[in-house]
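S.K.: Fold the following.
(one chain, ligands or ions: 1)
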Amino acid sequence: MAQESKKRRLPPKISAMKSKKRQRVENGSRDQPILTGKPGKPARQVVRLDDLPWKEVEMPDRLDDFEGFFGLEEIDDVDVVRGPENGTVSYVATGKRAGELQRSHEQIKTADRPSADPEFDGGISDSASWSGFEDEVEENDRTKDFARVLDESTKSVDKPKGKNAHPRKEEPINKPLAQMSFAGLSDEELDDDVDTTAWQALKLSPETLSSLSRLKFANPTIIQQSAIPEILAGHDVVGKASTGSGKTLAFGIPILERYLQTKSQMSKPHKPEDDQKSPLGLILSPTRELAHQLDAHLTALCSSGGFEGPSIATLTGGLSLQKQQRLLKDADIVIGTPGRLWEVMSTGQGLIERLKKIQFLVVDEADRLLSEGHFKEVEEILNALDREDDRADAGDEHAEKEPQRQRQTLVFSATFHKGLQQKLAGKSSYSASLMDSKESMEYLLKKLNFREDKPKFIDVNPVSQMASGLKEGLVECAGEEKDLYLYALLLTHIKLRTLVFTNSIAAVRRLTPYLQNLNVSALALHSQMPQKARLRAIERFSGRNQPNSATTNAKSSGTAASVLVATDVAARGLDIPNVQLIIHYHMPRAADTYVHRSGRTARAGLNGSSILICAPEEVAGVRRLVAKVHASSAAANGAGKHGYFIRTLDIDRRLATRLKPRATLAKKLADAMLAKERKSSEDDFMRAAAEELGVDYDSEEFEREAIGRRGRGNGRKKKEKEARELTKAEVGALRAELRALLAKRVNVGVSERYLTAGGVDVDELMKGGTGEFLGSVQDIGIED
Ligand SMILES: Nc1ncnc2c1ncn2[C@@H]1O[C@H](COP(=O)(O)OP(=O)(O)OP(=O)(O)O)[C@@H](O)[C@H]1O
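M.R.: This next block holds a predicted model:
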């Protein structure tokens, strides 16, 4: 075998993964015997694999996913020798290699080891072979990794509100973030003011300082520290900072400052009848929820300092247009989603003219706002704001020329892709061809019409978009078992406030009743819900305005829902207090979606976890996506060309197997309910259509025909029909069966550490005492 190259698998960051066992093996074989070769044959020496100068083997750039496989290394002049009795192996250097090793060995010996080497007995005493051993390292590491993720995410559980914050030591600036956030506003904690000396350098007014003090924001965050002075100095600003880092106040405080300044300069107080007043600022938001949250955050800032703050009007779809128009009359700050804002602007009432005089245009979550869906309306709005007076355009000499535009443009997000970033920073020019294509983002950026040629570009964390308190991992399971693993994950994290992201409204509609059937207090959020229900869902999930009964089905829990199942409508900007876990039930479609979804936890200096549930065929793509998100920070941390590697977390498969019967029943019941609902709305629609046509509608006949027609989706239709046709008695029986299962203790058979980390009281569980045992939150979702 001599002269042949040996190859070994290189697990990621192998040095960091060494278990005690491996170190023992290595230490035990530190001083390896030297075999004198037979006369005329080269010397041979038993060696430790890690002592050898392995050479890395070139790998193709793209390799399909092999868990933990990052590369190959090879070595020459080493023999593998199998022991004669127990089959253990040892590695023996031969030829040139043995000579080299002998020389270095002798050097070491003379330097620090006076004792003689033991005689070689033909085998290594420890039976751990390389390959078997490596598996063990991998397993141990995975389990540890999962436990660590769980530990981190549960650290803040069960602590009194406001004190569950664990800012990391290395970031003192985040300490106050953790102590107080807008989350605390609903509390009665506003009575103790805090020292705001740390804000002094920003030269804010006493009113703003008093407000910050009452909000207990003792220190500005880094983005606030950097952006506020630039905005106060009148610059256009493009601000990038990770999720949950306080970007709202980075633009909110300067707007408040300008408002206070203008107010104090006004010789006469504003008269209510002066309804032609122009708003000071316009803030564009991509989602309705974020718009309402911006309103809440700014209102809190402007109303906590004991002064009369600006009035804020929020224009979003789904709520009364008339009411919003009324509020507009007196508004100092207008917040809006593009659709509703444009609807109001374009219906006259002089809003366009008033908005032309704004001093601040804020584009929050700019990349989203300027790219997806909203394109047309945002363009209309920007066009309208910059349009010269029509009569002036028509050459009317008497028409009043527009005063020179004074507004500052402020653009914020946690994610800007590189090209956009450079363009926003004024470092690269807008290409003419792209400018011609009206669909391009560049076109819209130009439309933002910055006041300055080069807006101030502030990137407070150029190497990472992710919050630093975030831990990430993935759980791999068969595609059809995602529901089961979702339940298992939620159950083992029962005390964590968890946001589950899906890619479709249909999945939200299906998963919510499924989880409720399993006694998990789950709420839904998607864009087809009525707006009031959307806002209510967020409030209830946030623990605000807790109703007497928690969810429609959760009759007796009386606690806030711990799980929100949502589409990406919840991915951007939402600042829900103490969300500790994000679960990606469906893979995010783009890297920035992953950043924003995951950014709903680990906000304001806290810790949190983000877990992707992946089918095996999704793993490779997900790894690439996550590695892309971490690319620059991985490079900065010297992770080398392999970059960031998201670890697979091992969830105990025995637990999943034991939960399967109840999960299957819960799914069946949820499917039956949805199928019946769908049927009744389809029936209503068909009946109305048949009535209009003056024909009879027989749903049974219609269905037989549909199933009779061959084609895709027939299996699904058949299943749906079966689900729909479950009788009331059958549903009742299934419910009873499920209830019986939920009342039973699950024979966990998993490690105590695992469950403890997941927040389940294992002692109670084992004793069968008074505490809750797995899955037995009374009555939720189960009806007789
Ligand atoms: N100076 C401060 N001190 C303490 N807490 C703060 C401070 N500024 C903001 N916060 C808190 O930090 C939390 C996150 O702020 P914000 O919602 O503005 O983050 P963001 O950067 O806009 O996040 P995203 O990118 O997800 O939209 C809020 O709950 C807010 O209460």
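S.K.: any low-confidence regions in the stretch 51-200 of the chain?
M.R.: 51-76, 80-91, 94-192 (pLDDT under 70).
S.K.: Close to the ligand: what parts of the stretch 301-450 of the chain are there?
M.R.: Ala414 (CB under 6 Å from any ligand atom). For every residue, glycine as well, the C-beta is placed using N, CA and C.
S.K.: Report pLDDT for the residue of the stretch 301-450 of the chain found nearest the ligand.
M.R.: Nearest to the ligand, among the residues of the stretch 301-450 of the chain, is Ala414, at 4.2 Å (CB to the nearest ligand atom). The model reports Ala414 with a pLDDT of 86.
S.K.: name the element the closest residue to it other than its chain neighbours belongs to?
M.R.: Using CB to CB, 6 or more residues apart in numbering and skipping the chain neighbours, the partner closest in space to Ala414 is Thr243 (4.7 Å). For Thr243, there is no helix or strand it lies in under DSSP states H and E.
S.K.: List the contacts of the residue of the stretch 301-450 of the chain closest to the ligand.
M.R.: Neighbouring residues of Ala414 by CB atoms under 8 Å, 6 or more residues apart in numbering: 240-243, 245, 247, 465, 595-596, 599.
S.K.: repeat that with 7 Å
M.R.: Contacts for Ala414 (CB atoms under 7 Å, 6 or more residues apart in numbering) come out as 240-243, 465, 595-596, 599.
S.K.: same thing with Ala591?
M.R.: Taking CB under 7 Å, 6+ apart, one finds 625, 628-629 in contact with Ala591.
S.K.: Where do the strands of the stretch 151-300 of the chain begin and end?
M.R.: Applying DSSP state E, counting those that start in this stretch to the stretch 151-300 of the chain gives strands spanning 237-240, 281-284.
S.K.: got a list of contacts for the last one?
M.R.: Contacting residues not belonging to strand 281-284 are listed as 255, 294, 333-336, 338, 355, 358-364, 369, 378 [CB under 7 Å, 6+ apart].
S.K.: Which of those fall in strands?
M.R.: The strands, defined by DSSP state E, take in 333-336, 360-364 from the contacts of strand 281-284.
S.K.: need those residues in JSON lines with neighbour count, can you?
M.R.: Below are the ones in strands among the contacts of strand 281-284 laid out as JSON lines (neighbours: other CB atoms under 10 Å):
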{"residue": "Ile333", "neighbour count": "27"}
{"residue": "Val334", "neighbour count": "25"}
{"residue": "Ile335", "neighbour count": "25"}
{"residue": "Gly336", "neighbour count": "27"}
{"residue": "Phe360", "neighbour count": "21"}
{"residue": "Leu361", "neighbour count": "24"}
{"residue": "Val362", "neighbour count": "26"}
{"residue": "Val363", "neighbour count": "26"}
{"residue": "Asp364", "neighbour count": "23"}
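S.K.: Of the residues you listed, which pair is most distant in space?
M.R.: Pairwise distances among the ones in strands among the contacts of strand 281-284 were taken by CB to CB; the largest, 14.5 Å, belongs to Ile333 and Val363.
S.K.: What's the local residue count around the spatially closest residue to Gly318 that is not a sequence neighbour?
M.R.: Nearest residue to Gly318 in three dimensions, chain neighbours excluded: Gln531, at 2.5 Å (CB to CB, 6+ apart). Around Gln531 there are 16 other residues, counting by other CB atoms under 10 Å.
S.K.: Thanks a lot, see you next time.
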